[in-house]
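Q: sequence and predicted structure below; questions after.
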Amino acid sequence: MSNGQYNNPIWAEAEEGSNEFYSSSSSTKSKSPRIYPQRVSARAFSNQRSTTATGLKQSPQSKSDYESQASDNISTDTSSEFEHVVKENNGKVALFKPKETQLQKQKQLISTQSSCSKDSLMDDSENLASAGKHTPPKDFVCPITSNLFVDPVTLETGQTYERKAIQEWLERGNSTCPITRQKLQNTQLPKTNYVLKRLIATWREQIPASTQILTEKPLLKNDSSSNLIKPSTSPTSVISQASIDGTFGELRLAITNLCMSEILVESETAILSIERFWQEGNMESEIQSMLSKPAVVNGFVEILFNSVDPRVLSSTVFLLSELGYKDKNVIQTLTRVDSDVECIVALFKNGLTEAVVLIYLLRPSTMSLIEMDMIDSLLTVIQKKEEDTFEMCLRSKTASILLLGQILGGEDTNVSSIVQSVVSSKAIEVVVRSLEADWSEERFAAVGILLRCMKENGKCRNVIADKAELAPILESFVGASDGERFMIVQFLSDLVKLNSTMHTLLVYLQMALQEQVPVVAGLLLQLDLLTEPRKMSMYREEAIDALISCLRNSNFPGAQITAAGTIVSFQGRFSASGKPLARVFLLKRAGLDKDYKNIMRKEKLGLTDGKPEENMEEENVADEWERRMAFVLVSHEFGLLFEALAEGLRSRYAELSSACFVSATWLAHMLTILPDTGVRGAARVCLLKQFVSIFKSAKDPEDKALAMLALSSFIHDPEGLRDLTLHMKDILKGLRELKKYSSLALEMLKIFSEAQDPGSKDMWNHKDLFQVDCSGNGEVLSIICYKDKIFSGHSDGSLKVWSHKEGRFHLIQETQEHSKGVSSLQIIQSGERLYSGSLDKTTRVWAVGQELIHCIQVHDMKDQVHSMVVANSISCFIPHGPGVKVHAWSGESKLLNSNKNVKCMELVQGKLYCGCNDGSIQEIDLATGTMSTVQTGSRKLIGKTSPIYALQVCDGMIYSASSSLDGAAVKLWSASDFSLVGSLTSTLEVRTMAVSSELVYLGCKMGTVEIWCKEKHTRVETLHTGTNGKVICMSVDEDEEVLVIGTSDGRIQAWGQS
């Protein structure tokens, strides 16, 4: 070993002969012996290989035999093939130095441990043999010097060395641990390991002095005899020398010999023993735990580097494969050193078939596999008849298929030569048989290999089409990922270029089991569209007929569900996990962008990944496929598929009903994009009533939105709009619920509004919900809706909280903390705070709880609050005198528009709109203080003014209510340029106003409420309170379903859209 690098007698290139080693070994001796041992050259070792799988014990030989043997070995060429080397060296003991006298002595030391010789080395051998159990534990011996520790130091890798030895190692420029080969983060040596030093001292006291003297002698010296015993490459923990009973003790002894023994024969015997224990499997978990440690794994690798016994090498590869399959840490240990991987690859290329399994488990990169140049070996294994010696975690042929698939499936385009090798070796037929493999990974790898071969060499297509069984591939298609599905489709699409392939697939469709028919039909249809997109074909018609037949066959609900799911997948968009995204994209088209983004985020799909032009191109391709597929489906037999989907919608199986719902929604929506071929009427007849029923009853907003999208496909057709009008009452409520989220709902409401008579009760019909007499508290000065509550402020200073859950109204709280009338109520929704402005010159802040409210803060406004609007940090209110006061919650206040008597105001996006007594309207930018005039004031009728009683700003429009003397009580102004854009020609005196997304509510004198269409500026309904009190305040709830008013005679009344 040099700097921790191994040399393998089997896989190393034989560039030099063994004679070179022997000649150099004697001439390059160091003048002063090195402290750390020198690794014997693997080339020399390869010429002196020792044993076979069975010849582990050697019989004595004469001195002449050894001399002859050594001479033969020296002259042997190290570049001979693996099998030849094994036969040539069968039964021989591996020797490390050529000197004849030392060979004889070392033979006697290993086989007989004789004490007859008077030579000092033989004396040492005799003492060592007689010492027996007094041999020092391996943890007491430095792995570099092989002497007992004097000053042991333990590195960060956990390995212990003699201080002088490791110091010399580092001074030679090394920065790694000699045993583990891990890079050292700190090359400064630690303190002495005193615990180990004391243990050694205790051991010395318990053994004879002669043994102590022996163990202090260097066991390895820098001469030829030192190579008989190799230093331990991976010392493990001290194993008790006491008797260990049973199999477990034998296993531990075998592991000890593997890691500790300096004699190759003993390590090889240990390998075979460990393999036998593993095969018996009585203690698999314990064995795995013991064998997975890095020290033991390194021991296995040492065997791969040095052994030449096929049986031992096979057993070693088998054990490493089994361990690596069950423990990733073993793989990490093996891949830590590149030479270890190269060794395993070389063994495979030299005929050790089982090594391919271990190579696959190491997961090398595609580029690494190509550089390993082992295509010929892989093809040999693929074509070879299965003769695996061991029942491994993976068959050698399977591993070869997977590795070949990885090589051909990579992005490297320079694989033509590899493909030609695959084709010329006639391995194609064997790879085709892997399409029927039990393991899906092997099937997918085979598909990838065959696909690449067909692309590079089209001549092999006939062989593949003739031999391939399509059934397993079609079965794999259902559970495959998006990428795997695309690969299968590409493979089948390439096969389709043969005239016989489509016919074969059609025959299979006609003979397939009912559960398999939907998948086969879907594949046949998609392949037909890929090859003949603009032509009609019998394959296409047969495929759609098969899908319709499955949908209608209630005897096979599983096939029904699969057929419906197959139609959903035709939309053509999938998540990374292969899940169809038809529902997600339909929600986006229904206007639920937020739901769409949430689902896409949950699916971990990037919405803006890649370049915009690339995303646009991909989207255009997907849209084109969607249009093509939808046209084929809806045109078949004049919309016959709609009848089958309608039947599926009525199924008692929720999964089937849901899939049919998505499929029907998709195809109905596509009717608005595709050219009209007369099938819209068929779709309307089959599906409209069911879509209305779902839209009316669905509790899930997403289902309601999908039903709305389907119904919108019929609304643009005169006959469809007429049919929808019959269900107007069932549709309008749902559209009003969705209009807050979806622009499509607003568009449909607009179409319904334009199509109906303005006074139609089907469109606008309010019913009386409740009426309460609160005249004991005076006038109702203010009112506001928030969630399921209504808050009312009264002239006696009381504040009341009402509940209107599920259409039932009742009083839940009444408080009177203001001493005078509560003139204004405002809600800050972000913090759920209610602000009440009062004529008692205070503003109170209330925390809105689940049921009750409680006051948390009181602000002194220094003036009466007649009307108030609130932002986060300020409030604006109309004081008793002129102008508008801007009051900061910190206590500061500022007067704006001081030359006007403000009657009403509205705050929108930092701009304050003021309606004044003189009929003028101003816009004030609170950030800059800039004031603009919307309408100038004027005097009419002998000095009488026309005050602005109410202001509302909504959708870029300013609504102002004043006198009706000029024929229009309400005027509409553009908020951008202050131009007059319209009016509501009410003849009543408007005192308050509320605006929703569709309607304008006008509260007037004599207890009248007029309702106007916001779009057409026409009155659609008039409501009456039943009293002569004027309407002072009004509010619309968040859903725009409930209108609540307060009157001057103390009444609170509510109406709801019916």
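A: Now that the structure is in, tell me what you want to look at.

Q: what is the burial count for Gln185?
A: Neighbourhood size, Gln185 [other C-beta atoms under 10 Å]: 8. (Each C-beta comes from the backbone N, C-alpha and C, glycine too.)

Q: got it, and Ser417?
A: 10.

Q: give me every residue that touches it.
A: By C-beta atoms under 8 Å, 6 or more residues apart in numbering, no residues touch Ser417.

Q: tell me the phi and psi of it?
A: Reported as degrees, to the nearest 10, the phi and psi values for Ser417 are phi -60, psi -40.

Q: can you check Glu268 too?
A: According to degrees, to the nearest 10, Glu268 has phi -70, psi -40.

Q: quick check: closest non-adjacent residue to it.
A: Val312 (4.6 Å; C-beta to C-beta, 6 or more residues apart in numbering).

Q: how near is that neighbour to Leu394?
A: According to C-beta to C-beta, to the nearest Å, Val312 stands 21 Å off from Leu394.

Q: likewise for Val662?
A: According to C-beta to C-beta, Val662 and Leu394 sit 41 Å apart.

Q: quick revisit: how close does the residue nearest to Glu268 get to Ala512?
A: With distances taken as C-beta to C-beta, Val312 is found 51 Å from Ala512.

Q: how about Arg172?
A: Computed with C-beta to C-beta, the distance linking Arg172 and Ala512 is 72 Å.

Q: over to Pro152?
A: 73 Å.

Q: settle it for me: which of those two has more neighbours?
A: Neighbour tally, Pro152 and Ala512, criterion other C-beta under 10 Å: the higher count belongs to Pro152, 22 against 18.

Q: for the closest residue to the more buried one other than its chain neighbours, give me the pLDDT.
A: Spatial nearest neighbour of Pro152, chain neighbours left out: Asn193 (4.5 Å); criterion: C-beta to C-beta, 6+ apart. At Asn193, the pLDDT value in this model is 84.

Q: neighbours of Asn193, how many?
A: Using other C-beta under 10 Å, Asn193 is surrounded by 18 other residues.

Q: got the contact list for it?
A: Asn193 neighbours (C-beta under 8 Å, 6+ apart): Pro152, Val153, Thr154, Thr160.

Q: run the last query once more with 10 Å
A: Applying C-beta atoms under 10 Å, 6 or more residues apart in numbering to Asn193 gives the contacts Phe149, Asp151, Pro152, Val153, Thr154, Thr160, Tyr161, Arg163, Leu199, Ile200.

Q: identify, from those residues, the entry nearest to Gly572.
A: The shortest approach to Gly572 among the contacts of Asn193 belongs to Thr154, at 63.0 Å (C-beta to C-beta).

Q: just the buried positions in stretch 786-802, please.
A: 786, 789-802 (16 or more other C-beta atoms under 10 Å).

Q: please disregard the earlier target; I meant stretch 170-181.
A: Asn174, Cys177, Pro178, Ile179, Thr180, Arg181.

Q: isn't Lys1005 up against Arg991?
A: Yes - at 6.8 Å, Lys1005 and Arg991 qualify as touching, with contact defined as C-beta atoms under 10 Å.

Q: of these two, which one has the most company?
A: Between Lys1005 and Arg991, counted using other C-beta under 10 Å, the more crowded position is Arg991 (20 against 14).

Q: which pLDDT value belongs to the more buried one?
A: Model confidence at Arg991 (pLDDT) stands at 91.

Q: ok, Asp438 next?
A: Note for Asp438: predicted pLDDT of 84.

Q: for Val312 and Leu394, indicate the residue with more neighbours.
A: Val312 (25 against 20).

Q: neighbours of Glu1010, how many?
A: There are 21 residues near Glu1010, going by other C-beta under 10 Å.
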